[in-house]
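K.L.:
here's a sequence, model it:
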Amino acid sequence: MDLLTDDDIYLFNEGSHFRLYDKLGSRVVTDGDTGGTHFAVWAPDAEQVFVIGDFNGWNKSGHPLSPHGQSGIWQGFFPGVGKGTLYKYHVASRFQGYRADKTDPLSIFNEIPPKTASIVWDLDYSWGDTDWMANRHRLNRLDRPMAIYEMHLGSWRRVREEGNRSLSYRELAPQLADYLERLGYTHVELLPVMDHPFFGSWGYQVTGYFAPSANFGTPQDLMYLIDVLHQRGIGVILDWVPSHFPSDEHGPGFFDGTHLYEHADPRQGYHPDWHSYIFNYGRKEVQSFLISNALFWLDRYHVDGLRVDAVASLIYLDYARKEGEWIANEYGGRENIDAIEFLRRLNEAVYLYHPDVQTIAEESTAWPMVSRPSYVGGLGFGLKWDMGWMHDTLEYMQKDPVHRRHHQDKLTFRMLYAFHENFVLPLSHDEVVYGKGSLLEKMSGDDWQKFANLRALFGYMYAQPAKKLLFMGGEFGQRREWAHDTSLDWDLLDCPSHAGVHKWLQDLNQFYRREPALYELDCDPAGFEWIDCGDADGSVVSLIRKGKSTSTLVLAACNFTPVPRLGYRIGAPRPGYWREVLNSDAMEYGGSGMGNGGGVEAVGEGLHGRPFSLTLTLPPLAVLFFTHSS
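P.N.:
Below is the predicted model of the structure:
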């Protein structure tokens, strides 16, 4: 039995086979009247490849595969081998007597670590998300709201009375859907669910790129989780890690006695910070493997977006390397031309086959046009994390308010570049680990001020043009930094201060989703205007957000000191009544209850270049939102 055609081999070697998961790996098939499993694996420098497993007592010579011509692919059909069979490939190299037992790089299901065998499985599932899939081209657009809840499946909520175990995919489904729907999030972003040998890597050290982690269930169980979320109107984004993979012997590294997937030269193929292998992006078969993997999660799991991790480490040859530890490109530069070509081809393929999803780059440098199409010289992503906003804003919020007057630029600088890319504002897991403390503990001041500052941080985030992302626990002001081996501190919601932050996030999301001025022109400078960003002494900024229609405006005023500003005047573009819609200092959020009695009437005395003005009460450490309808 031969599932591979000449066209398959040609496209694979050309780097243009984007459905390798239909051809390689293990597949339960029928040959005539005989049922069994077809195995196929790429190992061009192997002298022999055997399938070993529980079906043959792990015999390292009992079930040999045959080479498919000169393709470098080994294949074979074994009757009677069915779903649930454990297996590996025993690879005997042509070089230096190298032999190793390898997990299938295209396995769709693997054992729970520390066990490392692949499992013969299928992807049969009856989806119930027809409505979502038919409409997501509208829901995932750049002119739609995107409030993303970032989470780690294994530590969101644990079952303490059962050994502190994680919830399964199926147990998570109704609980997570209820929670996200109640809080008003539009999307959830999952830290990598792909199979990883070390739980403490949070999924960022992948060995099984096509297999969801068995820690939480089967492939069908993950499909069920995604299906339930879709049926509740919540999009699903997966973190995806094409930048590096660990060197565990059972993984893809040194697969056939050669550096097959990774670059052979350690100056290009080994990551000094993460002690992991770096893919050889110039090898066309590796491009086929990685792009097939991206499309696999979109095709088979109905995923709505991929957040691509550590893009900077791909595009710079000298990333995390000292002088003499890297090799310049053919032009003498530090840009990784092969990786750049790969990223462009990746995004072209994703948007060709799935124009209704988004790819999102975690790119931490000033590389230009990350979220611009490849045909104009961009990398082709749909969105990019704004790491600069995150660093600047958190640095500002950690300062004592008495010193903030000297750092107003930390609030305002991003508007010089805010529309150079299509941005997501991330307050991610990276900011609450490795001794950095939780978001709440980063805030300056006493306990009341910490909570007020945190609410102000979230309010300012939602006032800014860009999509939003918040890591789990931040929505109720988790006090300790995140730990992957324990549950979030849900009991904190019994405390009014924490419950107030939770309610503030809920109301922010609901307001954001119903107010087009806050999202329609996120990626267009026409959607934003400063009213006044120059009051550094008062640490106050005010701004206007606009949608495509001129009928509705949103005005935001932010006071980043604990000093109430009474009779504070700002310019207004329109006469009439401006309704105070949200106030982070409201008592229901844990604030002091200062405000503007429901709204303010504009007067015909111009200010800040506007024909009208408002006289406001700005509560301490607070963000206010006003709306005006013509």
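
K.L.:
can you list the weak-confidence ranges in the chain?
P.N.:
For the chain, residues meeting the criterion pLDDT under 70 lie at 1, 629-630.

K.L.:
would you confirm that R480 contacts D489?
P.N.:
Yes: if you go by CB atoms under 8 Å, R480 and D489 touch, sitting 7.0 Å apart. C-beta here means a position set from N, CA and C on the backbone, and glycine is covered the same way.

K.L.:
can you show me the CA trace of stretch 255-273 as PDB?
P.N.:
Only the C-alpha atoms of stretch 255-273 are listed here, as PDB (Å, rounded to 0.1, in the frame of the first residue of the first chain):
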ATOM      1  CA  PHE A 255      16.400  12.300  13.900                       C
ATOM      2  CA  ASP A 256      18.200  10.000  11.500                       C
ATOM      3  CA  GLY A 257      21.700  10.400  12.700                       C
ATOM      4  CA  THR A 258      21.900  13.800  11.000                       C
ATOM      5  CA  HIS A 259      20.600  17.300  11.800                       C
ATOM      6  CA  LEU A 260      17.400  16.700   9.800                       C
ATOM      7  CA  TYR A 261      15.000  19.300  11.200                       C
ATOM      8  CA  GLU A 262      17.500  21.600  12.900                       C
ATOM      9  CA  HIS A 263      20.400  23.500  11.400                       C
ATOM     10  CA  ALA A 264      23.700  21.600  11.600                       C
ATOM     11  CA  ASP A 265      25.900  24.500  12.600                       C
ATOM     12  CA  PRO A 266      25.300  25.300  16.300                       C
ATOM     13  CA  ARG A 267      25.700  29.000  15.500                       C
ATOM     14  CA  GLN A 268      22.500  28.700  13.700                       C
ATOM     15  CA  GLY A 269      20.900  25.500  15.000                       C
ATOM     16  CA  TYR A 270      21.200  25.800  18.800                       C
ATOM     17  CA  HIS A 271      19.600  28.300  21.000                       C
ATOM     18  CA  PRO A 272      22.000  29.300  23.800                       C
ATOM     19  CA  ASP A 273      19.300  30.800  26.100                       C
END
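
K.L.:
list the buried residues in that stretch.
P.N.:
Within stretch 255-273, the residues that qualify as buried are 255-263, 268-271, counting by 16 or more other CB atoms under 10 Å.

K.L.:
and what of stretch 181-189?
P.N.:
Going by neighbour count (16+ other CB under 10 Å), the buried part of stretch 181-189 is L183, G184, Y185, T186, H187, V188, E189.

K.L.:
quick one, what contacts the first one?
P.N.:
Counting by CB atoms under 8 Å, 6 or more residues apart in numbering, L183 touches Y149, E475, H502, L505, Q506, N509.

K.L.:
helix, strand or coil for the last one?
P.N.:
Here N509 is recorded as helix under DSSP: H, G, I helix; E, B strand; the rest coil.

K.L.:
excluding its backbone neighbours, what's nearest it?
P.N.:
Computed as CB to CB, 6 or more residues apart in numbering, the closest residue to N509 that is not its neighbour in sequence is G184, at 3.0 Å.

K.L.:
for the fourth one, same thing?
P.N.:
Counting by CB to CB, 6+ apart, L505 lies nearest to E475, which is 4.5 Å off, once chain neighbours are set aside.

K.L.:
where do the helices sit along the stretch 101-250 of the chain?
P.N.:
For the stretch 101-250 of the chain, applying DSSP state H, counting those that start in this stretch gives helices covering 130-139, 169-183, 219-231.

K.L.:
how about the strands in the stretch 1-150 of the chain?
P.N.:
For the stretch 1-150 of the chain, applying DSSP state E, counting those that start in this stretch gives strands covering 25-31, 34-42, 46-53, 66-67, 73-79, 86-93, 99-102, 118-119, 147-151.

K.L.:
right, I mislabeled it, should have said the stretch 301-450 of the chain
P.N.:
Assigned by DSSP E, counting those that start in this stretch, the strands in the stretch 301-450 of the chain fall at 305-308, 358-361, 383-385, 423-427.

K.L.:
got JSON lines for the ones you listed, with mean neighbour count and distance to W58 too?
P.N.:
Shown next, in JSON lines, are the strands of the stretch 301-450 of the chain (neighbours: other CB atoms under 10 Å; distance: least, CB to CB, whole Å):
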{"stretch": "strand 305-308", "mean neighbour count": "26", "distance to W58": "36"}
{"stretch": "strand 358-361", "mean neighbour count": "27", "distance to W58": "40"}
{"stretch": "strand 383-385", "mean neighbour count": "26", "distance to W58": "45"}
{"stretch": "strand 423-427", "mean neighbour count": "25", "distance to W58": "45"}
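
K.L.:
would you reformat those as JSON lines and include distance to A173?
P.N.:
Listed next are the strands of the stretch 301-450 of the chain as JSON lines, based on distance: least, CB to CB, whole Å:
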{"stretch": "strand 305-308", "distance to A173": "19"}
{"stretch": "strand 358-361", "distance to A173": "23"}
{"stretch": "strand 383-385", "distance to A173": "26"}
{"stretch": "strand 423-427", "distance to A173": "25"}
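
K.L.:
circling back to that earlier point, list the contacts of the residue nearest to N509.
P.N.:
A147, Q506, L508, N509, Q510, Y512, R513.

K.L.:
among those residues, the buried ones, what's the PyMOL command?
P.N.:
Selection of buried members from these for PyMOL, criterion 16+ other CB under 10 Å:
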select buried, resi 147+508+509+512+513
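
K.L.:
which one of the contacts of G184 is nearest to V600?
P.N.:
L508 (20.9 Å; CB to CB).

K.L.:
could you look up the SS state of the nearest residue to the closest one once chain neighbours are set aside?
P.N.:
Nearest residue to L508, sequence neighbours excluded (CB to CB, 6+ apart): Y462, at 4.9 Å. State at Y462, reduced to three classes by three-state DSSP: helix.

K.L.:
who touches Y462 in this structure?
P.N.:
K468, L508, F511, Y512, L518.

K.L.:
thinking again about what came up before, now the contacts of G184 as JSON lines including distance to T412?
P.N.:
Shown next, in JSON lines, are the contacts of G184 (distance: CB to CB, whole Å):
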{"residue": "A147", "distance to T412": "24"}
{"residue": "Q506", "distance to T412": "28"}
{"residue": "L508", "distance to T412": "21"}
{"residue": "N509", "distance to T412": "25"}
{"residue": "Q510", "distance to T412": "28"}
{"residue": "Y512", "distance to T412": "22"}
{"residue": "R513", "distance to T412": "27"}
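
K.L.:
what about A602, is that helix, strand or coil?
P.N.:
When classified by three-state DSSP, A602 comes out as strand.

K.L.:
same question but for G567, I mixed them up
P.N.:
Under three-state DSSP, G567 falls in the strand class.

K.L.:
thinking it is in contact with S613, fair?
P.N.:
No: the criterion here is CB under 8 Å, and G567 misses it with S613 at 11.5 Å.

K.L.:
more neighbours, these two?
P.N.:
S613 (19 against 8; other CB atoms under 10 Å).
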